[in-house]
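# Return a 3D structure for these sequence lines:
(chains A and B)
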Amino acid sequence: QDNRISLWSADDLGNVGLNGEYHGEPHLLCDIQHNGDVMDMQFLDQERIVVASSTGTVTIFRHHQNNQTLSANHRWERAHYHVDQDTACGGAACTGLVCNNPEIVTVGEDGRINLFRADQKDAVRTIDNADSSTLHAVTFLRTTEILTVNSIGQLKIWDLRQQRNEPSQIFSLAGDRVPLHCVDRHPNQQHIVATGGQDGMLSIWDIRQGTMPVSLLNAHEAE
Amino acid sequence: PTQVVPGADPSARQLCFAWGPAEVLVCETRFGRAARSRSRSRSRSRALTGSVADTGEGAPGSSRVFVVRRDQDIYIRTLRKLFNESHGIFMGLQRSEEELAGKSRKAQLVQVSKNYRSVIRACMEDMHQAAVSTRDPALQGQYSTQVSILSAMELIWNLCEILFVEAAAAGPLLLRLLDWVRLHVCDVDSMVREVLSSENPSKHKLFWNVVDVFVLQGRMEEARHLLSKEVTANPTSMNMYKILDDLMKKMPMPSLGNTQTLTELELKWQHWHEECQRFLQDGTFASNPHMESICKILVGDEDAILEKKELMTTWYHFLVTRLLYSHPTVKPMELRFYAQSSMDLFLGGESSPEPLDMILMAAFEFEMHQVIKECSIVLSNWWFVAHLTDLLDHCKLLQSHNLYFGSNMREFLLLEYASGLFSHHSLWQLGVDYFDHCPEFGRVYLELHIERIPLNTEQKALKVLRICEQRQMHEQVRSICKIMAMKALRNNRLGSALSWSIRAKDAAFATLISDRFLKDYCERGCFSDLDLIDNLGPSMLLSDRLTFLGKYREFHRLYGEKRFPEAARLLLTLMTAHIAPCSFWMTLLTDALPLLEQKEIIFSAEQTYELMRCLEDLTAGNADKQKFQEDDVETTKVEMLRLALARNLARVIVKEGTVEGS
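As a prediction, the model looks like this:
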């Protein structure tokens, strides 16, 4: 397989048309080979990009601005894997990650949550078996709390300050346990969270009150 | 057709092979020489390349395994654009309005054809760039070969567009053919550029060559322009020049609009032709051989035109020039005669026609099936023939030709092309759409292929499932979900496994997973994955066992919250409503013990009788088994239960019998 991470430059925004549409064409700055499918990626800071792979590896790439190249800076090889390699059936993909320099949180098909620091070789903290199903996405709620969504339709809050490996709160939809695929937090109001489900349903949650979503919107036909 | 696998020697070792979804594995066995060679691959294989993988183990003189791959082209990165873009055009064509009749439909189809060609050209550009920028000579060679293949494809497609899709009539036909030649015969372009950009073009040694090129390609304006430069430098030939210029100016050409009929054009042309001939016979140009040869070309003198072979480079250029100057109102059906003779005259017995020449000849003869057949043989990939045939089919030009396989030519080619795409890790998604548009066998092929896509991440599985669900392919949905659930189960991801069986509505698997959970509970005394079991919701109803699991967990929760009467009621329901499997009754009864031993009375008389009945049912069933009676732990349990039940009964009868009195 030939997968690549590419960095593009969108021409300066002077190219914006009447309706605010972007008119220019992005052009390729540099790219680098990547092992496995790219499941998720995010900028860590101005120069570094963290990438989650379907092989269960998490890699930090550095963008060298002077000669426009990308290079692999650091790699956590078995960030996500299935225990008991003898009976394990295939690898576990890393499905999502979120950065808050210098911390990186990753989640994967193995139901594991990892907390990395950009400069440290090993994981700062690993919550094994955080979930019995696949974790699809993760995001920061506060600097010490994260939100995860999984494939049985649950939204969980984890407090990283606490040592116990249990979520501090679990939310789920009434009705069918539709897998949730993505999650994000309201930029200004910290207690409002949105999740996207496999059936195309967008749910808005208020985490201060109750375990039910505040509103449901039928956004798309499918995930 | 047979294909030799390099390195495999059937005379030395017997070979065996196995089919895979995209490849054939050929392997050397330990056995000696076979009577028959077995290195032949099936006739439907396309460009096969072999690569040697050393197994390192096996018989002395290690045997090797060859991976023989069917279609290498889909892995070439630069061709990806070709596949993606042409897919878009293909889909657009399938969905386009069938109701548009006549001219507008034809215009639409011609536009589609042009789109395909522009995609081929864009790909050619990319490939050319890649060839120029790479430093690896092997890669460079590969890219260059691809460029020439693409260029040939565009040449053929363009001709098919003119002759079949647009079906240009006499008159416009010639103009289209002229355009075609000008576009594709590029060997002379650099020479033309050189002369035009030089300071004094008329002094350039190749000057007359360039003038000839313009005349041969019917580019009169440009030819006259150059000639005028020559005359200003050489005023003695002013008279000759004036005459020649005049002739060239007056030359009647077919027009695209309906400004003149064919007969009018023919008449005018006859006139003009005779005039040219007169000047030639009068010896007007005798003193200037260059100008004389140009005039000879104008009257369509075959020998004069043939002299300029080097400038034309191909026989089809020769054909078009010949037609331009001897029969500009040629009808499409007359092309074949001119084509054959042109090729013979041009090649002159020195060289034999190449595959490309044969394909173009078939096109000029309007033998569409022949064109497709020849292209299929020569090209290494079904892309070209599949898309071209589909377009021709939309033009209603292909008679439905029933092949042995029951489908028509178009469907056969599309099926082959799409099957090839399925062996690619991401281009398979394009293949799905192609199968959708094969009415007879598309669905069957899709069903078979889609189950065999390797699913290495959940995301890919979801994509595949989405495709199956959209097409109501329920069997495949079940099958894929089962595979994913099984994988998850093996990796001990019980929640994932359950999530997959819910999606497939697979009750049997849900039962399997619940049994796993219950087994874990019995072994460890506590539940794993509480977050899953506590939050089953309505999916609990998928299977009885799952319902039991959920309810049983609820019982434990109620007990933990000290809501004993509710817990007791639930426990009883689990047994009496037969939700619990018989194997679990003992455990349930044992769970009832602490409730019976509580200070306050929890079970009513009725309930106690029920419990006793359950216990008796259980022990009666097991009375036959010798082992049961010998098992001390079991007998102790039963005794304790009986005692507890009796005690509870006693207490409750007293309590219920007591009148709440003063």
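
# Where does pLDDT dip in the chain?
Just so you know, I chose chain A. Counting by pLDDT under 70, chain A shows low-confidence ranges at A:1, A:11-24, A:84-90, A:174-175, A:210-215, A:219, A:221-223.

# sorry, should have said chain B
The model of chain B has pLDDT under 70 over residues B:1-13, B:19-24, B:29-63, B:68-74, B:97-100, B:258, B:399-407, B:621-631, B:660-662.

# what's the domain layout of it?
Using the TED database, the domain ranges for chain B come out as B:1-29, B:186-255+B:262-313, B:455-561, B:581-661.

# Pipe those into JSON lines and attach mean neighbour count and distance to chain A per row.
The C-beta positions use only the backbone N, C-alpha and C, and glycine is treated the same way. Shown next, in JSON lines, are those (neighbours: other Cβ atoms under 10 Å in any protein chain shown; distance: least, Cβ to the nearest Cβ, whole Å):
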{"stretch": "domain B:1-29", "mean neighbour count": "15", "distance to chain A": "14"}
{"stretch": "domain B:186-255+B:262-313", "mean neighbour count": "16", "distance to chain A": "28"}
{"stretch": "domain B:455-561", "mean neighbour count": "19", "distance to chain A": "3"}
{"stretch": "domain B:581-661", "mean neighbour count": "14", "distance to chain A": "21"}
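
# ok, the closest residue to A:D128 other than its chain neighbours - contacts?
Setting aside the residues directly before and after it, A:D128 is nearest to A:R112 in space (Cβ to Cβ, 6 or more residues apart in numbering or on different chains), at 5.6 Å. Counting by Cβ atoms under 8 Å, 6 or more residues apart in numbering or on different chains, A:R112 touches A:H80, A:A92, A:T126, A:I127, A:D128, A:N129, A:A130, A:L135.

# And those residues, which is closest to B:R553?
Nearest to B:R553 among those: A:N129, at 17.8 Å, using Cβ to Cβ.

# So that closest one, which state does it fall into?
Per DSSP: H, G, I helix; E, B strand; the rest coil, the secondary structure class of A:N129 is coil.

# tell me the contacts of the residue nearest to B:V112 when sequence neighbours are not counted?
Using Cβ to Cβ, 6+ apart and skipping the chain neighbours, the partner closest in space to B:V112 is B:L93 (5.2 Å). If a contact means Cβ under 8 Å, 6+ apart, then B:L93 has B:V112, B:D390, B:L391, B:H394 as its contacts.

# would B:L93 count as being in a helix?
Yes: using three-state DSSP, the secondary structure at B:L93 is a helix.

# so how far is chain A from it?
In this view, B:L93 and chain A are 25 Å apart by Cβ to the nearest Cβ, to the nearest Å.

# Could you tell me which residues make contact with B:Q370?
Shown in contact with B:Q370 (Cβ under 8 Å, 6+ apart): B:A362.

# quick one, phi/psi of it?
Taking degrees, to the nearest 10, you get phi -60, psi -40 for the backbone angles of B:Q370.

# All the helices of chain A, residue numbers only.
Taking DSSP state H as the criterion, chain A carries no helices.

# Next: the stretch 51-200 of chain B.
Along the stretch 51-200 of chain B, counting by DSSP state H, counting those that start in this stretch, helices occupy B:80-95, B:102-133, B:137-160, B:172-184, B:189-197.

# got JSON lines for those helices, with distance to B:L244 too?
Conversion of those to JSON lines gives the following (distance: least, Cβ to Cβ, whole Å):
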{"stretch": "helix B:80-95", "distance to B:L244": "46"}
{"stretch": "helix B:102-133", "distance to B:L244": "37"}
{"stretch": "helix B:137-160", "distance to B:L244": "32"}
{"stretch": "helix B:172-184", "distance to B:L244": "21"}
{"stretch": "helix B:189-197", "distance to B:L244": "19"}
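
# To B:Q270, which of these lies closest?
helix B:172-184 (15.9 Å).

# Check which residues of the closest one are buried.
Residues B:L173, B:L174, B:L175, B:R176, B:L177, B:L178, B:W180, B:V181, B:H184 are the ones in helix B:172-184 that count as buried (16 or more other Cβ atoms under 10 Å in any protein chain shown).

# from memory the fifth one sits against B:L163, does it?
No: B:L177 sits out of contact with B:L163 when judged by Cβ atoms under 8 Å, with a separation of 9.1 Å.

# where does the stretch 301-450 of chain B come near chain A, residue by residue?
With the criterion set to Cβ under 8 Å from any Cβ of the partner chain, the stretch 301-450 of chain B comes near chain A through B:H425.

# mind checking the SS state of whichever residue of the stretch 301-450 of chain B sits closest to chain A?
Closest to chain A within the stretch 301-450 of chain B is B:H425: 5.7 Å, counting by Cβ to the nearest Cβ. Three-state call for B:H425 (three-state DSSP): coil.

# any idea how far B:L173 is from it?
46 Å (Cβ to Cβ, to the nearest Å).

# same deal with B:L206?
Taking Cβ to Cβ as the measure, B:L206 falls 32 Å from B:L173.

# can you tell me which residues contact B:L319?
By Cβ under 8 Å, 6+ apart, the contact set of B:L319 is B:Y338, B:A339, B:S342, B:M343, B:F364.

# how about the domains of chain B in JSON lines, adding distance to B:S326?
Below are these laid out as JSON lines (distance: least, Cβ to Cβ, whole Å):
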{"stretch": "domain B:1-29", "distance to B:S326": "41"}
{"stretch": "domain B:186-255+B:262-313", "distance to B:S326": "4"}
{"stretch": "domain B:455-561", "distance to B:S326": "58"}
{"stretch": "domain B:581-661", "distance to B:S326": "94"}
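
# mind listing the strands for chain B?
In chain B, the strands defined using DSSP state E lie at B:15-19, B:23-28, B:49-54, B:64-69.

# I'd say A:S9 and A:L29 touch.
Yes: with contacts counted by Cβ under 8 Å, A:S9 reaches A:L29, the gap being 5.3 Å.

# ok, now which ones touch B:R224?
Residues counted as contacts of B:R224 (Cβ under 8 Å, 6+ apart) are B:D245, B:M248, B:K249.

# right, I mislabeled it, should have said B:E222
B:E222 sits in contact with B:F214, where contact means Cβ under 8 Å, 6+ apart.

# And stretch B:563-576, what's buried?
Of the residues in stretch B:563-576, those with enough neighbours to count as buried (16+ other Cβ under 10 Å) are B:F564, B:A567, B:A568, B:R569, B:L570, B:L571, B:L572, B:L574, B:M575.

# now the last one: how far from B:G550?
Put plainly, it is B:M575. 16 Å.

# how many other residues sit next to residue 157?
The chain I'm using is chain A. Neighbourhood size, A:I157 [other Cβ atoms under 10 Å in any protein chain shown]: 17.

# that answer is for a different chain, and I need it for chain B
Neighbours of B:W157 under the rule other Cβ under 10 Å: 21.

# Please name the nearest non-neighbouring residue to it.
B:R117 (5.6 Å).
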